[in-house]
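Asker: Kindly return the folded structure for what I paste below:
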Amino acid sequence: MRKIALVEDDADLYSLIKYNLEKEGFSVVGSQTGRGVIDLCRRERPDLLLLDIMLPDSDGLEICKAVRAHPELAHIPIIFLTARASETDRIVGLELGANDYIVKPFFVRELIARVKIQFRGQTTASRVLKAAGLELDRRSCEARLDGNLLTLTATEFRLLEFLMSRPGVVFSREQLLDAVWGHDRAVTDRTVDVYVLRLRQKIEADPANPTFIRSVRGFGYSFNSSLASGDASEQTAAAAAQ
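Answerer: The predicted structure follows:
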């Protein structure tokens, strides 16, 4: 099921859009304010973002820029919903990275059609990532090693998912901080090392000689591509292209 994040401050319009999207088989999460949208997207991992521009506490254009600059979210299609109808407004919105621009008032059926267009030719990301005896289920937010459930914190899970879904790609500590902890953070590069150590203690047979999460001297960390199954390996090229 495709998940859509809806950010719209008009309560009636929010309810109308949510109802019709769910009727079409989509899962809808969202907010009626702009505050916390990046965290919402990092937490919910939507397949598309419907974004109002004129929000009471935020500028939708700035949110769009922040999504496009975020390594973990940059690939998410964005459709603007707005009362700004001028040609200049449309051009600015599209140049900032929006995939579509819908002017209010609009027909709900047209909105749904445009949402579906964004998914044409797309394949749904694998729900379960596998590497040797390690399995990570994105939907249930559970990870298992040789069939045994691992006790991971939310941050540990996000870090493991980010690395597992991009096997063979080397990420610096700064890139991992942005992707897993986000831009609004009060942590340091050392935090990454601490969390990698914690993960290794939970998933590695010998944490001192890790096989899953490798250290690349002078650069950062990488998930061992030779252990990844086809599902994860197929995502490497897509992740690199983002």
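Asker: Can you name the element that comes right after the longest helix that the chain contains?
Answerer: Using DSSP state H to define each element, the chain has its longest helix at helix 189-203. Next helix or strand after helix 189-203 toward the C-terminus (DSSP states H and E): strand 213-216.
Asker: Which strands and helices lie in contact with that following strand?
Answerer: helix 189-203, strand 220-223 (3 or more C-beta pairs under 8 Å, 6 or more residues apart in numbering; DSSP states H and E). (Each C-beta comes from the backbone N, C-alpha and C, glycine too.)
Asker: Would you mind listing the buried residues in it?
Answerer: Across strand 213-216, burial judged by 16 or more other C-beta atoms under 10 Å covers Ile213.
Asker: hmm, who's touching that strand?
Answerer: Applying C-beta atoms under 8 Å, 6 or more residues apart in numbering, the external contacts of strand 213-216 come out as 163, 170, 196, 199-200, 203-204, 221-224.
Asker: Give me the buried entries from these.
Answerer: 163, 196, 199-200, 203-204, 221-224.
Asker: which one among these gets closest to Asp39?
Answerer: Of all the buried ones among the contacts of strand 213-216, Leu163 has the smallest distance to Asp39: 20.3 Å, by C-beta to C-beta.
Asker: What are the contacting residues of stretch 190-205?
Answerer: The set of residues external to stretch 190-205 that reach it, using C-beta under 8 Å, 6+ apart, is 134, 143, 145, 150-152, 155-156, 159-160, 173, 176-177, 181, 207, 210-213, 215, 220-221.
Asker: Same check on stretch 50-64?
Answerer: Residues outside stretch 50-64 that contact it (C-beta under 8 Å, 6+ apart): 4-10, 17, 30, 33-35, 37-38, 78-84, 92-93, 96-98, 111, 115.
Asker: Please point out which parts of that stretch sit buried.
Answerer: 50-53, 55, 58, 60-61, 63-64.
Asker: Pull out the C-alpha coordinates of it and format them as PDB.
Answerer: Extracted in PDB, the C-alpha atoms of stretch 50-64 (Å, rounded to 0.1, in the frame of the first residue of the first chain):
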ATOM      1  CA  LEU A  50       1.100  16.500  -0.800                       C
ATOM      2  CA  LEU A  51       2.200  19.900   0.400                       C
ATOM      3  CA  ASP A  52       0.300  23.200   0.900                       C
ATOM      4  CA  ILE A  53       2.500  26.300   0.300                       C
ATOM      5  CA  MET A  54       0.800  28.800   2.600                       C
ATOM      6  CA  LEU A  55       0.900  27.200   6.000                       C
ATOM      7  CA  PRO A  56       0.200  29.200   9.200                       C
ATOM      8  CA  ASP A  57       3.600  28.500  10.700                       C
ATOM      9  CA  SER A  58       5.800  27.600   7.800                       C
ATOM     10  CA  ASP A  59       6.500  28.200   4.100                       C
ATOM     11  CA  GLY A  60       5.800  25.200   1.900                       C
ATOM     12  CA  LEU A  61       8.500  26.200  -0.500                       C
ATOM     13  CA  GLU A  62      11.100  26.100   2.300                       C
ATOM     14  CA  ILE A  63       9.900  22.600   3.300                       C
ATOM     15  CA  CYS A  64      10.200  21.500  -0.300                       C
END
